[in-house]
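> Sequence first, predicted model second:
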Amino acid sequence: MWRYGYLTKGIGAQRPGPARQFYQQMRCWAVRRCGYNGRPMRNRVPAQMSVPDPAIPADSPFRLDAPEAYRRWRDARLAARPELAELIVPLGDPAAPTAAERAAILDRCRRANLAVYDLGGRAVDRAALRALGRQFGLQRLDGNLCAEDDGVTALAVSADGSKRHYIPYTNRRLSWHTDGYYNPPGQRIRAFILHCVRPAAQGGESLLLDHELAYIALRDQDPALIEALMRPDAMTIPPNEVEGRQLRGTASGPVFSVDRQDGSLHMRYSARTRNIQWRDDPLTRAAAQALQALWAEGSPWIYRLRLKAGQGVICNNVLHCRTAFEDGAAPERQRLLYRARYYDRIRDLSLPAGET
């Protein structure tokens, strides 16, 4: 059963204003989802938990044998979560943001793992997008299959070439995922920028969910679900084969993992039901179903926005999806977004490497 024991005990529940309102919304969602009865949940360690990963620091909130560290991190994380309007940061020159603009974007990324910048409708080229990434330590671009020579991918409806085989290049709904879930461990996508050049005539709404909040939801339900999703073979992606040619081999790995350098949480996930192989055991299947329930039931932690021309998302590869859309007949009514994926995580360049 889903239980959210800290909804009545967390620091946000004791404060007036937006924090308290958020806790009330979350409690209502838990009631609808599972009949939450208000009884405190023990933040227990799974009875059958395996030996903790020695690579994860002893005081990390992501260790399942460190419930107090987790509780402190969890309460602070929920209390700091910004509302959608606060995520939006006006931005002048993306290649040279002011100190205040840079600080605002870093603040949102610390609190929600994402920020939405707004250029006020001004057009920028792909070079400016890459320059924006460099302002936040994003250097190593992922040269994926459909990226152009500069490492940036144009996302638009396409019936030509290899793009026609992939949903991002159609107007169909795109299910929940993190980017690069099929990449090998050495090429994890840790951040991305998604910039809107032109919105669709209708639809094309983006939904975003901080992956750390997904972790909280499952760990509050049962820490054993997190243990299942941290196994090295939790989720496997079969080879990518097109017209008899293998473009990528099998990719197997955990859903949740902890970076050994900076201790941050990484998530690798796709809600697709085809071409996904979950570890064949009851606990892993239950964990996969628990993730599906987060968006199936409408979690209050989800941000919803339809990017306007000149707006973009810069984030630490949070969970996201896209609604279906319809393009207009005129080129200016046809959806076009630029996407840059990075092996780096967003960081404050004024801090030493490894600190964010």
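In hand now; what should we look at?
> can we go C-alpha only for contacts and neighbour counts from here?
Noted.
> so how far is His211 from the nearest residue to Leu229 once chain neighbours are set aside?
Leaving out its chain neighbours, the residue that sits closest to Leu229 by C-alpha to C-alpha, 6 or more residues apart in numbering is Val255, at 5.2 Å. Between Val255 and His211 the computed distance is 10 Å (C-alpha to C-alpha, to the nearest Å).
> try Val89
21 Å.
> same question, Ala353
Applying C-alpha to C-alpha to Ala353 and His211 gives a distance of 23 Å.
> of the two, who's got more company?
For Ala353 versus His211, neighbours defined as other C-alpha atoms under 10 Å are more numerous around His211 (23 against 12).
> circling back: if I read this right, the residue nearest to Leu229 contacts Leu265, doesn't it?
No: contact criterion C-alpha atoms under 8 Å: Val255 and Leu265 do not qualify, at 10.3 Å.
> Among the two, which residue is more densely surrounded?
Neighbour count, other C-alpha under 10 Å: between Val255 and Leu265, Val255 has more, with 22 against 17.
> contacting residues for the more buried one?
Each residue near Val255 by C-alpha atoms under 8 Å, 6 or more residues apart in numbering is listed here: 229-231, 234-235, 266-269.
> For Asp348, state which of these is nearest.
His266 (18.2 Å; C-alpha to C-alpha).
> That closest one: what's its closest spatial neighbour, skipping adjacent residues?
Nearest to His266 is Ser257, by C-alpha to C-alpha, 6+ apart, at 5.3 Å.
> Does the one you found touch Ala234 like I think?
No: using C-alpha under 8 Å, Ser257 makes no contact with Ala234, being 11.0 Å away.
> neighbour-wise, which of those two wins?
Ala234 (23 against 20).
> Report the contact partners of the residue nearest the centre of the chain.
Nearest to the geometric centre of the chain sits Val318, at 1.1 Å (C-alpha atoms, centre = their mean). By C-alpha under 8 Å, 6+ apart, Val318 lies in contact with 113-114, 178, 208-211, 267.
> Distance to Thr98 for the residues you listed - can I get that in CSV?
Listed next are those as CSV, based on distance: C-alpha to C-alpha, whole Å:
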residue, distance to Thr98
Asn113, 20
Leu114, 18
Thr178, 30
Leu208, 26
Leu209, 27
Asp210, 26
His211, 28
Met267, 31
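> give me the low-pLDDT residue ranges for the stretch 151-300 of the chain?
161-165, 240-249 (pLDDT under 70).
> With only the CA atoms kept, save stretch 318-336 in PDB.
The C-alpha trace of stretch 318-336 is given here as PDB (Å, rounded to 0.1, in the frame of the first residue of the first chain):
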ATOM      1  CA  VAL A 318      14.700  14.800 -15.300                       C
ATOM      2  CA  LEU A 319      11.800  12.600 -16.200                       C
ATOM      3  CA  HIS A 320       9.800  14.100 -19.000                       C
ATOM      4  CA  CYS A 321       7.200  13.400 -21.600                       C
ATOM      5  CA  ARG A 322       5.300  15.100 -24.400                       C
ATOM      6  CA  THR A 323       1.700  15.200 -25.500                       C
ATOM      7  CA  ALA A 324       0.700  14.700 -29.100                       C
ATOM      8  CA  PHE A 325       0.500  17.700 -31.300                       C
ATOM      9  CA  GLU A 326      -0.700  19.000 -34.700                       C
ATOM     10  CA  ASP A 327       1.400  21.200 -37.000                       C
ATOM     11  CA  GLY A 328      -0.100  23.900 -39.200                       C
ATOM     12  CA  ALA A 329       0.300  24.100 -42.900                       C
ATOM     13  CA  ALA A 330       2.600  27.100 -42.900                       C
ATOM     14  CA  PRO A 331       6.300  26.500 -41.900                       C
ATOM     15  CA  GLU A 332       6.100  29.000 -39.000                       C
ATOM     16  CA  ARG A 333       3.300  26.800 -37.500                       C
ATOM     17  CA  GLN A 334       5.400  23.600 -37.500                       C
ATOM     18  CA  ARG A 335       7.000  22.500 -34.300                       C
ATOM     19  CA  LEU A 336      10.800  22.700 -34.100                       C
END
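> I figured Tyr269 was touching Tyr181, is that so?
Yes: between Tyr269 and Tyr181 a contact is recorded at 5.6 Å, counting by C-alpha under 8 Å.
> hang on, the earlier thing: mind checking which of the contacts of Val255 are in helices?
Leu229 (DSSP state H).
> Out of the contacts of Val255, the closest to Ala251 would be?
Met235 (8.4 Å).
> In contact with the nearest residue to that closest one once chain neighbours are set aside: list those residues for me.
Spatial nearest neighbour of Met235, chain neighbours left out: Trp278 (4.7 Å); criterion: C-alpha to C-alpha, 6+ apart. If a contact means C-alpha under 8 Å, 6+ apart, then Trp278 has 234-236, 284-285 as its contacts.
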